[in-house]
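>>> Provided below for reference: sequence and predicted model.
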Amino acid sequence: MSKKALLSGDEALAFGAYEAGLKVACAYPGTPSTEILETLATFPELDVQWSVNEKVAYEVALGAAISGVRSLFACKHVGLNVAMDPLMTSSYTGILAGFVVVVCDDPGMHSSQNEQDTRWVSIYAKLPMLEPASPREAKEYVKQAFEISEKFDTPVILRMTTRVAHTKEDVTLGDRVVPQQPPFERNIAKYVMVPGNAYGRHIFVEQRLNKLKALSEKTKFNRIEPGDKKIGFITSGVSYQYLKETYPDASYLKLGMTYPFCDDKIRAFAKTVKKLYVVEELDPFLEEHIKSLGLKCHAKDPSFRIGELLPELMPAVVKGEVKHEIKAVTRKPRLCPDCPHWATFATLKKLDFYVAGDIGCYTLACLPPTSALHSCLCMGAGVTFNEGWRKGAPDKKIVGVVGDSTFVHSGITGLINAAYNKAKGVIFILDNSTTAMTGGQQHPATGLTIRNEPTKKLILEDLCRACGADNVDVIDPKNRAEFDALVEKRINEDALSVIISRHPCKLLRQ
Amino acid sequence: MADKTYNITFGGTGGQGILKAAEICGWAAMYAGYHVKKSEVHGMAQRGGSVESHIRFGKKIFSPLVQQGGADILLCFHPEEHDRLKSFLKADGKDLMEYLEKAKAAIENPRHLNTFLVGVLSAYLPIKPDCWQKAIEAVFKKKYVEENKGVFLKGREMGQL
Ligand SMILES: Cc1ncc(C[n+]2csc(CCOP(=O)(O)OP(=O)(O)O)c2C)c(N)n1
């Protein structure tokens, strides 16, 4: 009997990629995608890394694919924003060995700052997109994604949502098969995207889209399940699973390859049913396209574009009812009782600062009664908002805070910018020596790799001085009196200062 | 193997071992030959917030989530979370809340609460003892397997009374 395991969508995808002969995988952590790399790191024959940020991860993984080995990049939805620059032009360069771009969206924002719908990126970047609806499909689809990537010379987007990434299912494991490696060659026309070459590649991209459309029409991933002719559903992802519970007898067109659209199949399916419904989470991605084909279909009320869909909501969604908002009564997360971030924020609150915030565990300091963090936009903005806020509010006591992992990810450039443009203020690096929010991953300033092997350690204090900070102090915020005195001193100076507030996260010691 | 689909909702707060409890149940159902889906929420939820996990197993499972009013069994580790989640229970569903205090009194190490309650739960499910044993082996680090097997059996005895 073949081996089975109960795997999450993330884990199943990792096993699928491993079996498909994956060699290189790069990512920066982000819920709900983090476990993909954590699982891949357990296979010793793979080259797996936590990268500094998503742009770097994307480029290293793409470079590996262009050198001839199957590779993978994984991120959460907002992580893809950081990697958009390489992604857009990688559509033109294409690849040599298979390259899969895994993106996990978070409808309902279980752990995210927005609900952006990555499906639009496939249209914008002209890249094929697969959407598994379960862990078993995640494993199967990633293998197919490598095949499509190589056959069509394209990165392939594999989009999951929280409810697929974090659902566990019994999955059958298989053997690893490594495909023969194509030879690495110089190819200036393909890999040097200067205007003349890029024009030629854009022609290729448009032709590729047509070929991918033909694939979308015939792939078994876009599957018609004939049933009751009165109602037909076009759907994808976890919405399919929810619908099947409520409407087991209806007809379905279940889309697993959601871009390019399979127009012929959609038309053919529409003809066979009396009433056509499109059911999808978040934006009207399928709905708008299907309507543009001139087909009459029913879709959810716009109020359901906000938040995730749930199985019990299906009748209301299908009937086109307005969403009935139920106030969530769930217990809110908070910082752990002896978290070192508490100490830093106790001071910031006492001194009544305006605190430009960032993303990490410490964002929870915005919650009452502490309420001592006053912005959270994207990674790195704690540093740059300190500079921006001072433009319009020079008389206010403004500081910026940023976590250690976040500083390395996106804060460094902001600090250089502040120094270069003569900005002042105090930036606190909340250094708990880990990426706590996503479960405690290593990063350059911890001096350990994804496999906990020692490596070159980034010394934050040296780096901040090199960036141009006038003062760099390292202090344990739990030394309350000393910390308060230092902060009061620095805030009253006309200087750009960095205070590295260093005390390890207690989760590290568990 | 039973024909019907089993729906179980687990609830509690971060750090109580809810996800581990659901994990044992999921592996056990898999070893018993069922199609299993289990859902859970990570991330922010682990910072002391509400944690819930759903398990569904049967011949063929679509949704990973139990619907409101759809749970055959509700297993909560915290009274307030129980108040929040009881709407998941079917009218004739089994609420295991009555065991929470008894379980707390029966264990010596508070970290064993989750395994003990899974033992109680096992008495209500059509999954054979050897599948539970294998599940405990799959879910715990080797050095914790034997003690958890013992705790599980005590919970199972309480559930069978
Ligand atoms: C572009 C982007 N990538 C990843 C994430 C997910 N994420 C949010 S905060 C964070 C890291 C937090 O680590 P750190 O800054 O060290 O703060 P801590 O949680 O340890 O306090 C990550 C990975 C994100 N929100 N945006």
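Cool, got the structure. In this text the structure is predicted, and so the values were computed from the model without any measurement.

>>> please see if stretch A:363-382 touches the ligand.
Yes: counting by CB under 6 Å from any ligand atom, the ligand has neighbours in stretch A:363-382: residue A:379. Every residue, glycine included, has its C-beta placed from N, CA and C.

>>> end to end on that stretch, go ahead and measure it.
The straight-line separation of the ends of stretch A:363-382 (CA to CA, to the nearest Å) is 10 Å.

>>> likewise stretch A:463-471?
Across stretch A:463-471, first to last residue, CA to CA, it's 12 Å.

>>> so for stretch A:28-38, what's the average pLDDT?
Averaging pLDDT along stretch A:28-38 gives 97.

>>> got the end-to-end distance for that stretch?
From start residue to end residue, stretch A:28-38 stretches across 11 Å - CA to CA.

>>> neighbouring contacts of stretch A:486-502?
A:340, A:343-344, A:347-348, A:351, A:353, A:397, A:399, A:415, A:418-419, A:423-431, A:433, A:460-461, A:464, A:468-477, A:483 (CB atoms under 8 Å, 6 or more residues apart in numbering or on different chains).

>>> distance between the helix or strand containing residue A:6 and the chain's centre?
For residue A:6, the host element (DSSP states H and E) is strand A:4-8. Strand A:4-8 sits 23 Å away from the centroid of its parent chain (CA atoms, centre = their mean, to the nearest Å).

>>> the helix or strand that it is followed by - contacts with which helices or strands?
Moving toward the C-terminus from strand A:4-8, the next helix or strand (DSSP H and E) is helix A:9-19. Helices and strands touching helix A:9-19, by 3 or more CB pairs under 8 Å, 6 or more residues apart in numbering or on different chains; DSSP states H and E, are strand A:4-8, helix A:34-40, strand A:99-105, helix A:135-152, strand A:156-161, helix A:162-165, strand A:167-172.

>>> now the angle from helix A:9-19 to strand A:156-161?
160 degrees (axes from the mean of the first three to the mean of the last three CA atoms, to 10 degrees).

>>> can I get helix A:9-19 as PDB, trimmed to CA atoms?
Extracted in PDB, the C-alpha atoms of helix A:9-19 (Å, rounded to 0.1, in the frame of the first residue of the first chain):
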ATOM      1  CA  GLY A   9      -2.500  22.400   1.400                       C
ATOM      2  CA  ASP A  10       1.000  24.000   2.000                       C
ATOM      3  CA  GLU A  11       2.500  20.700   2.900                       C
ATOM      4  CA  ALA A  12       0.900  18.800   0.100                       C
ATOM      5  CA  LEU A  13       2.100  21.400  -2.400                       C
ATOM      6  CA  ALA A  14       5.600  21.000  -1.000                       C
ATOM      7  CA  PHE A  15       5.500  17.200  -1.300                       C
ATOM      8  CA  GLY A  16       4.200  17.500  -4.900                       C
ATOM      9  CA  ALA A  17       7.000  19.900  -5.800                       C
ATOM     10  CA  TYR A  18       9.500  17.600  -4.200                       C
ATOM     11  CA  GLU A  19       8.200  14.600  -6.200                       C
END
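
>>> quick one: mean pLDDT for that helix?
98.

>>> so which strand or helix has the residue in the stretch 201-350 of chain A positioned nearest to the ligand?
The nearest approach of the stretch 201-350 of chain A to the ligand comes at residue A:341, 6.2 Å away (CB to the nearest ligand atom). According to DSSP H and E, residue A:341 maps onto helix A:340-350.

>>> nothing else from me, thank you.
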